[in-house]
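J.: I'll drop the sequence and a predicted model, then ask my questions.
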Amino acid sequence: MPATIKLGDSGDDVKRLQRVFARNKVLGPDDVDGVFGPRTEQAVKDFQQSNALAADGVVGPVTWSHVHPYREASPTLQAGAVGPVVAMLQRVLKTGFGHAGAIDGVFGPATENVVRQYQKNSGLPMTGIMDERTWMAPAGAAGATLESLSGLIL
């Protein structure tokens, strides 16, 4: 179970909480910064109130038990990365975002180029790196993201 966190705290547990709220569109991807500020506190209070919990803005064991799922970030992928997650990303990029390369699980130049284009279209820095902000940027109807379309979250 993560640590108890509140306004003014920072760290990985704050980021875990912020990811849940960002995935649920309560916070934006830019709010996932690991700093428990006023926006995070308000999101927590609203969440607590909607779950009939004490709306004190403090995330302790009771609030954590209602937060599902608190997960780590989707993996950072960049040129040279290999594996099934790269293939999952390539499949989504090929289906809807113009990836012309093979679905081979190798993050090569074709994958990097389409990631850069996706970042540009999403108003993100064009790094060519699949970072947390890129995974969580809107990618279509009904609040889809590359993270959800790739099957990394349910």
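T.: Arrived safely, thanks for sending. Numbering: from 1, shown residues only.

J.: hey, let's count contacts and neighbours off CA atoms from now on
T.: OK.

J.: Where does pLDDT dip in this protein?
T.: Scanning the chain with the threshold set as pLDDT under 70 gives 1, 69-72, 141, 153-154.

J.: which residue sits farthest out from the middle of this structure?
T.: Ala54 (27.0 Å; CA atoms, centre = their mean).

J.: How about that one: what's its closest non-neighbour residue?
T.: Spatial nearest neighbour of Ala54, chain neighbours left out: Gln48 (6.3 Å); criterion: CA to CA, 6 or more residues apart in numbering.

J.: Next SSE downstream of the host helix or strand of the one you found?
T.: Taking DSSP states H and E as the definition, one finds Gln48 inside helix 38-50. Moving toward the C-terminus from helix 38-50, the first helix or strand encountered (DSSP H and E) is helix 61-66.

J.: just to revisit the earlier point, mind pulling up the phi and psi values for the residue farthest from the centre of the chain?
T.: With angles defined as degrees, to the nearest 10, Ala54 sits at phi -60, psi 120.

J.: domain ranges for the chain?
T.: The chain breaks down by automatic domain parsing into domains covering 12-66, 84-149.

J.: of those, which approaches Pro75 most closely?
T.: With respect to Pro75, and counting by CA to CA, the nearest of the domains of the chain is domain 84-149 at 7.3 Å.

J.: what's the span of the closest one, first residue to last?
T.: Chord length of domain 84-149, first to last residue, is 14 Å (CA to CA, to the nearest Å).

J.: What of stretch 142-149?
T.: So stretch 142-149: terminal residues 11 Å apart, CA to CA.

J.: And it, what's buried?
T.: Thr145, Leu146, Glu147, Ser148, Leu149 (16 or more other CA atoms under 10 Å).

J.: which residues touch the last one?
T.: The neighbourhood of Leu149, defined by CA atoms under 8 Å, 6 or more residues apart in numbering, consists of Val92.

J.: Please determine how far it is located from Leu89.
T.: Distance from Leu149 to Leu89, by CA to CA: 8 Å.
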